[in-house]
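Novice: everything below, folded, please.
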Amino acid sequence: MIKYTEEPNCKECNISFKTIFKKLTPEQLEFIYNKKNCLNFKKGDVIYEEGNRTNGIYCLYKGIIKIYKTGIEGREQIIKFGKPGDVFGYRSVINREPACTSVKVIDDAVVCFIPTLDLYLLLKENSEFGIELLQIACQELGEANNYLTDIAQKSVRERLAEVLLHLKNDFGINKDGVINIALTREELANIIGTATESAIRLLSEFKSDNIIEVQGRNIKLIDINKLKRISNIF
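Specialist: So this is what the prediction gives:
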């Protein structure tokens, strides 16, 4: 991890208009710009670990991260993959408790860090900013509830189809239909809650059924409608 030398100006950052920071005034954006630190992380770097205390919140400017919990025998349970514009680490800051998840970089990242005291000042000054943060927390709680329901009621095959659709919606696809995030088989298994061998077998089945193509770590979606039917998303 090293300090990013070309810090983006918050008032000119296109990402800020897609996040909680869109509710800040120009003066408050200038305040963040003067207070934040921007850091470079390489693939495989851990930004923070479960159980550690964080001293602020993070906004992903570039790259991709994964947010996960560590279970039995060190197995990762991936909660979500983060894309530019995502804000993370705020729960432990607001609750003043150790981090409940870990965050690892899976594609070289630039992260803007805002110290806790500066965040509190903004929350006190701007109620709309606080509401935006609350809405993000509620959205993530809803996603967690949906995930628990899926684990309890859907087959692994259904969950894999649903995850592929979510990845498409979150990261998009290129002109060839390839999802714009490259994942290992283990990472796919960890987000759908199954063994790596099961994820590999299901990918092969989807490929045989002409639903996807597998190109190393990249996945090309061929039949999105069939994925929707398999996933039972209504």
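Novice: can you give me the buried ones in stretch 71-83?
Specialist: 76, 78-83 (16 or more other C-beta atoms under 10 Å). The C-beta positions use only the backbone N, C-alpha and C, and glycine is treated the same way.
Novice: to clarify, my last question referred to stretch 35-42.
Specialist: Buried residues in stretch 35-42 (16+ other C-beta under 10 Å): 35-36, 38-41.
Novice: stretch 208-228 now?
Specialist: Those would be 211-212, 219, 221, 224, 226-227, for stretch 208-228 by 16+ other C-beta under 10 Å.
Novice: I'd like those written out as JSON lines, with distance to L60 added.
Specialist: JSON lines is the format used below for the buried residues of stretch 208-228 (distance: C-beta to C-beta, whole Å):
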{"residue": "I211", "distance to L60": "30"}
{"residue": "I212", "distance to L60": "27"}
{"residue": "I219", "distance to L60": "22"}
{"residue": "L221", "distance to L60": "24"}
{"residue": "I224", "distance to L60": "27"}
{"residue": "K226", "distance to L60": "32"}
{"residue": "L227", "distance to L60": "27"}
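Novice: dump the helix or strand containing L203 to PDB, keeping only the CA atoms.
Specialist: Assigned by DSSP states H and E, L203 falls within helix 196-208. C-alpha atoms of helix 196-208 as PDB (Å, rounded to 0.1, in the frame of the first residue of the first chain):
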ATOM      1  CA  THR A 196     -15.200 -25.400  -5.100                       C
ATOM      2  CA  GLU A 197     -15.700 -28.800  -6.700                       C
ATOM      3  CA  SER A 198     -19.400 -28.100  -6.900                       C
ATOM      4  CA  ALA A 199     -18.900 -24.700  -8.400                       C
ATOM      5  CA  ILE A 200     -16.600 -26.200 -11.100                       C
ATOM      6  CA  ARG A 201     -19.100 -29.000 -11.900                       C
ATOM      7  CA  LEU A 202     -22.000 -26.500 -12.200                       C
ATOM      8  CA  LEU A 203     -20.000 -24.200 -14.500                       C
ATOM      9  CA  SER A 204     -19.300 -27.200 -16.700                       C
ATOM     10  CA  GLU A 205     -23.000 -28.000 -16.700                       C
ATOM     11  CA  PHE A 206     -23.900 -24.400 -17.700                       C
ATOM     12  CA  LYS A 207     -21.300 -24.600 -20.400                       C
ATOM     13  CA  SER A 208     -22.700 -27.900 -21.700                       C
END
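Novice: now do the helix or strand that comes right after it: distance to the chain's middle.
Specialist: Using DSSP H and E, the helix or strand that follows helix 196-208 in sequence is strand 212-215. For strand 212-215, the gap between its own C-alpha mean and the chain's C-alpha mean amounts to 23 Å (C-alpha atoms, centre = their mean, to the nearest Å).
Novice: of the buried residues of stretch 35-42, closest to N180?
Specialist: Closest approach between the buried residues of stretch 35-42 and N180, by C-beta to C-beta: F41, at 19.0 Å.
Novice: tell me what the closest one is bridged to.
Specialist: Going by DSSP bridges, F41 is paired in beta bridges with A109.
Novice: pLDDT wise, what is it at?
Specialist: F41 is assigned a pLDDT of 95 by the prediction.
Novice: any idea how far I179 lies from N190?
Specialist: Counting by C-beta to C-beta, to the nearest Å, the gap from I179 to N190 is 17 Å.
Novice: cool, thanks, talk later.
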